[in-house]
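Student: no letters, just coordinates:
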């Protein structure tokens, strides 16, 4: 039974991402680009700018990881097959007659299938980034985590830089500043695979890839079906936030309560004194009259 399981997970870890999983990744990335306000207008008025933005959406993680490792950022252009494949998908999504491809890809079952396959590619990118960084910095686990994170979810950084150049960047939409779910889950995967690579986790890589991918696909499809933005990390983040940072909030709240209480007591004493003084004055006037 164990050998059969190992053979299954090992065969899964050796699955090639080209072409079907790469097509799903390009499809989901370019559909997200198409849903951006004004993207269709830009594609019709300036196709070259739209194509360049599309390539950043498709290959942004690889570009950012190359920048972090001081490699040529345009190395992705050497893979002519993937460039032609991504360019073809960009063309049919934006310029297909009657928007047939866009309408078909907006169908929920197609979205679920493509999103699940894209999450599979996320695992392969994280593993590839960690392994590639280890070739430069042997057991440099911080660098390995950073490059794996960039390879798996760095496309948003590169595309935001492109928006900054065009003058359409909005800081409040930057997902790495507020850590959206893809950034969080990619960071978690990068940490896990880095620790496994430097032998801090006693689990084989193919088993870890299988379990992590199942988690990614299941969580993504569940979030899409339920149409919710709640992430599975929310309860853990709340607990850790209370443990690590909640004590300061409680300390400040206690200080505020004590200040309010002391100020309230001070006003009571100040208001009670005039009443006592007035009562004494009334008593003296009354005794004078009786005399």
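Tutor: Now that the structure is in, tell me what you want to look at. As the structure is a computational prediction, the values presented were derived from the model and not from experiment.

Student: how does the chain divide up, domain by domain?
Tutor: Following the assignment in automatic domain parsing, the chain carries domains at 12-231, 245-290.

Student: any idea which of these is most buried?
Tutor: Mean neighbour count (mean count of other Cβ atoms under 10 Å) peaks for domain 12-231 among the domains of the chain, with a mean of 17. Where C-beta positions appear, they are placed from N, C-alpha and C, glycine not excepted.

Student: and the domains of the chain, which one is worst for confidence?
Tutor: Lowest mean pLDDT within the domains of the chain: domain 245-290, at a mean of 56.

Student: if we can go back for a sec, just so I know, which of the domains of the chain lies nearest residue 3?
Tutor: domain 12-231 (12.9 Å; Cβ to Cβ).

Student: now the end-to-end length of the closest one.
Tutor: Using Cα to Cα, to the nearest Å, the end-to-end distance of domain 12-231 comes to 26 Å.

Student: on that earlier part again, any chance of the domains of the chain in CSV, plus distance to residue 5?
Tutor: Converted to CSV, those look like this (distance: least, Cβ to Cβ, whole Å):
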stretch, distance to residue 5
domain 12-231, 8
domain 245-290, 41
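
Student: how about the residue nearest the centre of the chain, nearest residue that isn't a chain neighbour?
Tutor: In the chain, the residue lying closest to the centroid (Cα atoms, centre = their mean) is residue 183, at 2.5 Å. Nearest residue to residue 183 in three dimensions, chain neighbours excluded: residue 153, at 5.1 Å (Cβ to Cβ, 6 or more residues apart in numbering).

Student: who touches the one you found in this structure?
Tutor: 61, 122, 182, 183, 186, 187 (Cβ atoms under 8 Å, 6 or more residues apart in numbering).

Student: distance check, it against residue 126.
Tutor: Distance, residue 153 to residue 126, by Cβ to Cβ, to the nearest Å: 9 Å.

Student: before we move on, what about residue 235?
Tutor: Separation of residue 235 from residue 126 (Cβ to Cβ) stands at 24 Å.

Student: same question, residue 113
Tutor: As judged by Cβ to Cβ, residue 113 and residue 126 stand 21 Å apart.

Student: same deal with residue 238?
Tutor: Distance from residue 238 to residue 126, by Cβ to Cβ: 26 Å.

Student: one more: residue 16?
Tutor: Separation of residue 16 from residue 126 (Cβ to Cβ) stands at 17 Å.

Student: got it, and residue 108?
Tutor: Going from residue 108 to residue 126 by Cβ to Cβ gives 27 Å.

Student: ok, residue 197 next?
Tutor: Applying Cβ to Cβ, the value for residue 197 to residue 126 is 11 Å.

Student: now the helices for the protein?
Tutor: Applying DSSP state H to the chain gives helices spanning 2-13, 20-34, 39-45, 47-68, 80-95, 100-105, 108-136, 141-153, 155-166, 175-178, 181-197, 205-226, 234-244, 246-290.

Student: so which of those helices gets nearest residue 74?
Tutor: Short answer: helix 47-68, nearest of the helices of the chain by Cβ to Cβ, at 8.0 Å.

Student: quick check: angle from that closest one to helix 80-95?
Tutor: Helix 47-68 and helix 80-95 meet at an angle of 140 degrees, taking axes from the mean of the first three to the mean of the last three Cα atoms, to 10 degrees as the criterion.

Student: what does helix 47-68 rub up against?
Tutor: 25-26, 29-30, 32-33, 39, 42-43, 72-76, 82-83, 86-87, 90, 94, 125, 129, 132-133, 143, 146-147, 150-159, 162.

Student: what about the nearest residue to residue 76 once chain neighbours are set aside, distance to residue 2?
Tutor: Spatial nearest neighbour of residue 76, excluding adjacent residues (Cβ to Cβ, 6+ apart): residue 59 at 4.4 Å. Residue 59 sits 39 Å away from residue 2, taking Cβ to Cβ as the criterion.

Student: what does residue 116 give?
Tutor: In this view, residue 116 and residue 2 are 27 Å apart by Cβ to Cβ.

Student: then residue 19?
Tutor: From residue 19 across to residue 2, the span is 33 Å (Cβ to Cβ).

Student: before we move on, what about residue 42?
Tutor: 54 Å.

Student: what of residue 103?
Tutor: For residue 103, the distance to residue 2 (Cβ to Cβ) stands at 47 Å.
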